[in-house]
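Chemist: Have a look at this prediction, sequence included:
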Amino acid sequence: MKTKTAQTRWKQVLRAIDVIAAKDQLAFLTTQRISQQSGISDGVLFRHFSSKEAMLTAWIETRAEQLRLLLDAMPAGRGGLIYLQQQLLQQDPLLSFLCCQPMDTPYLRQALDASRLQFVNVVQTRIELMSSTPIGITSDVLTDHLMQSIYRAWNPDNNDRDRQKERLMSQLPWEKNKPNDTTFPAPEVMQRLALNDSGFVFDPVNGKSFTANETCIYALRFLQHSNDAEALLVAISRDFEVSQSDAARDITEFSSQLRKFLQ
């Protein structure tokens, strides 16, 4: 049984690794970095852990068990997936555990990947058991969409992650937005944009212009008739022969840029 001091040191080390993982710098982890982040000297660290790998093993085992308990507590149906998203977004250590780049040590990477795979498999099973999902979209695509959305809500380099987090607190990624949180402007707003086949886009209201690629022009013309993000996802996936997960990611990024352009 650990002494009170040992337990305190153990928690300090795990929290230090959490902070480093949240910055997506786990691949560059060193004992010195853990020492600096935790405020524990190298000498004291090695009284409680035999190596850096031992510290990472403790971190993986602890966070994997917490993630397993979260999955066990997840209710059935849509509400369960919403609950899961909410809990992850409110628990930064688990979110980073799921999303950060893994460490270089092979056996540690395998342990981390195994826990993540178990998470994905449980999520996909829950989606398969849902009574209502988008017609024509398979559970593996929806699972990938959910995981990509969670990643974007975590990604420290994503300037739109706060909005992504807010959306996932009440909706599944593939669900249409609420009327007061529309992904795309209404068709009447989109219709004011002047488009041409060379990719030039001009907004006569705010005077802004930009050049868009073929896919963006396709999306803009689609949105001049409908702001149904799900229908746009299906259309782009079909007409440009890309996976729906890739299309979903691109649509999310496109909508963010479009909102800034129309401000």
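Modeler: Perfect, I can see it now. Numbering: from 1, shown residues only.

Chemist: Tell me how far the most centrally placed residue in the chain lies from residue 253.
Modeler: For the chain, the residue whose C-alpha lies nearest the mean C-alpha position (Cα atoms, centre = their mean) is residue 151; its distance is 1.7 Å. Distance of residue 151 to residue 253, given as Cβ to Cβ, to the nearest Å: 13 Å. Where C-beta positions appear, they are placed from N, C-alpha and C, glycine not excepted.

Chemist: re the thing from before, ok, the residue nearest to the centre of the chain - contacts?
Modeler: residue 99 (Cβ atoms under 8 Å, 6 or more residues apart in numbering).

Chemist: next one: residue 93
Modeler: By Cβ under 8 Å, 6+ apart, the neighbours of residue 93 are 14-15, 18, 21, 63, 66.

Chemist: Mind checking which of the residues you listed are buried?
Modeler: Listed as buried from the contacts of residue 93 are 14, 18, 21, 63; burial here means 16 or more other Cβ atoms under 10 Å.

Chemist: okay, those residues in CSV with secondary structure next?
Modeler: Formatted as CSV, the buried ones among the contacts of residue 93 follow (DSSP: H, G, I helix; E, B strand; the rest coil):
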residue, secondary structure
14, helix
18, helix
21, helix
63, helix
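
Chemist: ok, which pair from those is furthest apart?
Modeler: 14 and 21 (10.3 Å; Cβ to Cβ).

Chemist: Before we go further, residue 103 is sitting in a strand, right?
Modeler: No: if the criterion is three-state DSSP, then residue 103 is coil and not within a strand.

Chemist: show me the contacts for the nearest residue to it once chain neighbours are set aside.
Modeler: Counting by Cβ to Cβ, 6 or more residues apart in numbering, residue 26 is the residue found nearest to residue 103 once chain neighbours are left out, at 5.2 Å. By Cβ under 8 Å, 6+ apart, the residues touching residue 26 are 17, 20, 100-103.

Chemist: Just among the residues you listed, which is most surrounded?
Modeler: Neighbour counts for the contacts of residue 26 peak at residue 17, which has 29 neighbours (criterion: other Cβ atoms under 10 Å).

Chemist: helix/strand/coil for the nearest residue to that residue once chain neighbours are set aside?
Modeler: Leaving aside its sequence neighbours, residue 17 sits nearest to residue 59 (Cβ to Cβ, 6+ apart; 4.5 Å). Following three-state DSSP, residue 59 is assigned to helix.

Chemist: Let me see the domain layout of the protein.
Modeler: Following automatic domain parsing, one gets these domains for the chain: 4-168, 179-261.

Chemist: which residues sit against stretch 36-44?
Modeler: For stretch 36-44, using Cβ under 8 Å, 6+ apart, the contacting residues are 9, 12-13, 15-17, 19-20, 31-32, 34-35, 45.

Chemist: would you turn those residues into CSV with pLDDT, secondary structure and distance to residue 207?
Modeler: Below are the contacts of stretch 36-44 laid out as CSV (pLDDT from 0 to 100; DSSP: H, G, I helix; E, B strand; the rest coil; distance: Cβ to Cβ, whole Å):
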residue, pLDDT, secondary structure, distance to residue 207
9, 88, helix, 60
12, 93, helix, 55
13, 93, helix, 55
15, 95, helix, 50
16, 94, helix, 50
17, 95, helix, 49
19, 95, helix, 44
20, 95, helix, 45
31, 90, helix, 56
32, 92, helix, 53
34, 92, helix, 52
35, 91, helix, 54
45, 86, helix, 59
